[in-house]
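J.: Return atomic coordinates for the entry below.
(chains A and B, ligands or ions: 4)
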Amino acid sequence: MAFIEAKDLTKHFRIKQGIGGKTAILKAVDEVSFEVGKDSVFSIVGESGCGKSTLARMLIRLLDPSGGKVMFEGNDIFQLSGNDLKEFRRSVQIIFQDPYASLNPRMRVYTTLSEPLKIHGMVSKDKLRDKVAELLHSVGLTPDMMNKYPHEFSGGQRQRICIARSLSLSPKLIIADEPLSALDVSIQAQIINLLQDLRKRFGLSFIFISHDLNVVHYFSDTVAVMYLGRIVELADADKLFDRPLHPYTELLLKAAPKVNVQKDVRVPSGTVSETDVPSPIDMPSGCSFHPRCPKRFDRCDNTEPALIKVDGRQVRCLLYESNKQG
Amino acid sequence: MLLDTRGLSVHFSSDSGPVHVISNLSFGIDPGEVFCIVGESGCGKSMTAYSIMGLLPENARSAGEILFKGSDLLTLDDESYRNLRGKEISMIFQEPMTSLNPVLKVGYQIGEVLMTHYGTSKKEAISKAVELMNTVRIPSAEIRANEYPHQMSGGMRQRIMIAMAIACKPSLLIADEPTTALDVTIQSEILKLIRGLKDENNMSVLFITHDLGIVSEIADRVGVMYAGRIVETAPTSEILKEPKHPYTMGLLNSLPAERGRPLIPIRGNVPRPDDLPSGCKFSDRCDHVIESCRAEEPVLKETLPGHFTRCIRAGEDLWRS
Ligand SMILES: Nc1ncnc2c1ncn2[C@@H]1O[C@H](COP(=O)(O)OP(=O)(O)OP(=O)(O)O)[C@@H](O)[C@H]1O
Ligand SMILES: Nc1ncnc2c1ncn2[C@@H]1O[C@H](COP(=O)(O)OP(=O)(O)OP(=O)(O)O)[C@@H](O)[C@H]1O
Ligand SMILES: [Mg+2]
Ligand SMILES: [Mg+2]
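T.: Residues are numbered from 1 along each chain as shown, chains lettered A, B, ... in the order given. Ligands and ions are numbered 1, 2, ... in the order given. Take a look at the predicted model:
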């Protein structure tokens, strides 16, 4: 049994086009399925607007899906109620991108960290201070900081406080939606080390959303690449970065800037398409990536590829379907 | 040398006295060269750019010299600056939405630069604008020239900004984190575009970023900034291979490399500009600090030809040890 599993998870938004205009359907997440094992890091990458945050919000039941389900430890999370729901809310936590916006500026760190503990009745009143001190310690901060307000901290320290808050209820899974992008490299390094360390110490699983592919490679076991609401490739991190199968994955990897100290020549940039990312309202026919794909051929314009297994991974591309047949 | 910044200092006045955010900054840029400034948030990168553009905030004061084609920009009057800005020197800002006018069509906004500086007629200016939109590879430029900024994606808006910035073929383009808000694919497209424009027009570029990957791809030479100072400057391949300043080493060590190997973050936090240590400003966070580091601030010394370092231990092999 998978620890957490998405089954054909779908979210369609209805949007009005202009005043009095027709409603259109925006397919933000479309039939996404994957499994995450215990004690592992599953990453989701893809361009802005491809549906990463929408997916994350469904996984923690902040948003209802239009179809499909999420199974957590064998139970459908959208069917949970009462104590089971409370238990789920405790077990799965999320960290957001912006450590500035996600802390209440008028609350001392002590209040921020002790509130969830009180709500869930995790520790008795006289132990709260000790528990908060312990949480601060586990993210590399000192207990005297509990009396301060968010503005008295640097960006990296604030993100640590957010992480401490997410740890307060001893979760089993943390969903991190771009937790590093607001931070400088040196601070990013602190936070990545911290996440690695927490993973080892508490056996935590992570669903990690990021657009920094170097960080994703470093931190993940499995990677899902999303394009316009769908998974186009899902593979072991090493395999994916070593040899991407889907042309979109290839494009992403080529586009990521790499520090290159070996040679004097610069890394050639990828052959990036001339067109912008198409909108999820007006999906291209056939393979949704075909207008930008350097490897497209006739059938791509009108045949929708399925997600198929190739070389121990999943890929959604006609190149591999024909290989399989031939 | 096209741009020669000599001993630039910038301070803000505050209730508790002046706050120095840039101290004695010197660097030069040759024609056709891409010079990158890297450093952590708050180290003074944008203030350096604004000083050159003559766009510092009201409460900021600057000193020193910024020689552009031999004349000092810091002594220019407002009108001469207006004639220079957008024509000889132009800038792309981090967030394109704040620098585009939301109620004007993008084609008109690009054309306006030409009308202002060359007195070009509106009709001609707009047809030039369409050409420029083609240059920055906006598909169906003729149609899209009639759109407003909010109708375009982030990457397109950034390309509109670039089209405006290059309309008068400036000798110097300043790009302040122009791709931070964009996707990797669009980012790589914009970097390619800037590189192409530089080659075609022999334009110089001052590129500001905190991403060493971008530095590696676009820069000819790099200046690493810390607490309002340049602490190391050298040709790109050399600084990435043989960093001499412990701060530069710290930035490189912070990058994810081999899986499973813990990263080595720089310890401590970026100091506030009004709370810097005495002596070397990096001494509090440095792994190689010795007693004499705290006595006096080191000068920027040429340790190898073209490689300058502000560290008394720059002659030692700290990177490999
Ligand atoms: N409440 C909503 N109503 C309508 N459309 C929405 C809503 N929320 C998200 N969308 C749309 O769904 C798509 C996916 O958005 P989402 O925020 O999940 O993308 P993302 O991959 O997280 O992007 P980013 O990298 O920019 O954070 C986008 O086209 C977005 O505009
Ligand atoms: N209007 C202002 N008044 C007082 N101090 C200011 C003002 N604007 C900026 N500063 C300070 O000047 C210093 C340099 O700021 P600057 O914007 O140049 O940083 P930066 O290197 O561009 O950072 P980032 O990477 O975050 O953009 C910072 O410490 C900042 O707090
Ligand atoms: Mg998102
Ligand atoms: Mg800045």
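J.: where do the strands sit along the chain?
T.: Using chain A here. All strands of chain A, identified by DSSP state E, fall at A:4-16, A:23-36, A:41-45, A:67-72, A:75-76, A:92-95, A:173-177, A:205-209, A:222-227, A:230-236, A:308-310, A:313-315.
J.: My question was about chain B, not that one.
T.: Under DSSP E, chain B gives strands at B:3-14, B:17-29, B:34-38, B:60-68, B:71-72, B:89-92, B:172-176, B:204-209, B:221-226, B:229-235, B:301-304, B:307-309.
J.: Reformat those as TSV; add distance to ligand 2, mean neighbour count and mean pLDDT.
T.: No exception for glycine: its C-beta is placed from N, CA and C like everyone else's. Converted to TSV, the strands of chain B look like this (distance: least, CB to the nearest ligand atom, whole Å; neighbours: other CB atoms under 10 Å in any protein chain shown; pLDDT from 0 to 100):
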stretch	distance to ligand 2	mean neighbour count	mean pLDDT
strand B:3-14	4	18	95
strand B:17-29	4	18	94
strand B:34-38	8	25	97
strand B:60-68	7	16	97
strand B:71-72	21	12	94
strand B:89-92	13	25	94
strand B:172-176	7	24	96
strand B:204-209	7	24	96
strand B:221-226	7	25	97
strand B:229-235	12	24	97
strand B:301-304	24	14	93
strand B:307-309	20	22	97
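J.: State the pLDDT value of the closest residue to residue A:88 other than its chain neighbours.
T.: Nearest residue to residue A:88, sequence neighbours excluded (CB to CB, 6 or more residues apart in numbering or on different chains): residue A:80, at 5.4 Å. Here, the pLDDT recorded for residue A:80 equals 96.
J.: For residue A:47, which non-adjacent residue is closest in space?
T.: Nearest residue to residue A:47, sequence neighbours excluded (CB to CB, 6+ apart): residue B:183, at 4.5 Å.
J.: how much space between that neighbour and residue B:189?
T.: 9 Å (CB to CB, to the nearest Å).
J.: and the residue of the stretch 151-300 of chain B found nearest ligand 2, how far is that from residue B:4?
T.: The stretch 151-300 of chain B approaches ligand 2 most closely through residue B:273 (4.6 Å), counting by CB to the nearest ligand atom. Look at residue B:273 and residue B:4: by CB to CB, they are 25 Å apart.
J.: ok, residue A:47 - how many residues close by?
T.: Using other CB atoms under 10 Å in any protein chain shown, residue A:47 is surrounded by 22 other residues.
J.: Contacts only, for residue A:2.
T.: Residues counted as contacts of residue A:2 (CB atoms under 8 Å, 6 or more residues apart in numbering or on different chains) are A:35-37, A:71.
J.: and residue B:145, what is it in contact with?
T.: With CB under 8 Å, 6+ apart, residue B:145 has these contacts: B:105-108, B:110, B:126, B:129-130, B:133.
J.: Of these, which is the nearest to residue B:308?
T.: Nearest to residue B:308 out of the contacts of residue B:145 is residue B:110 (CB to CB; 38.9 Å).
J.: got a list of what the residue of the stretch 1-150 of chain A found nearest ligand 2 touches?
T.: Relative to ligand 2, the nearest point of the stretch 1-150 of chain A is residue A:100 (12.3 Å; CB to the nearest ligand atom). Each residue near residue A:100 by CB under 8 Å, 6+ apart is listed here: A:150, A:155, A:158, A:182.
J.: cutoff 6 Å now
T.: Going by CB atoms under 6 Å, 6 or more residues apart in numbering or on different chains, residue A:100 touches no other residue.
J.: The chain: helices as residue ranges?
T.: This is for chain A. A:52-59, A:82-91, A:109-119, A:128-138, A:155-167, A:185-202, A:213-219, A:237-242, A:247-255, A:318-325 (DSSP state H).
J.: you looked at the wrong chain, it should be chain B
T.: Using DSSP H, helices in chain B cover B:45-53, B:78-84, B:96-99, B:106-118, B:122-135, B:141-144, B:154-166, B:184-201, B:212-218, B:236-241, B:246-253.
J.: Which one, of those helices, ends up nearest to ligand 1?
T.: Per CB to the nearest ligand atom, nearest to ligand 1 of these: helix B:154-166, 9.1 Å.
J.: in the closest one, what counts as buried?
T.: B:154-166 (16 or more other CB atoms under 10 Å in any protein chain shown).
J.: need those residues in TSV with distance to residue B:244, can you?
T.: Output for the buried residues of helix B:154-166, formatted as TSV (distance: CB to CB, whole Å):
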residue	distance to residue B:244
B:154	37
B:155	37
B:156	41
B:157	39
B:158	34
B:159	37
B:160	40
B:161	36
B:162	34
B:163	39
B:164	39
B:165	34
B:166	35
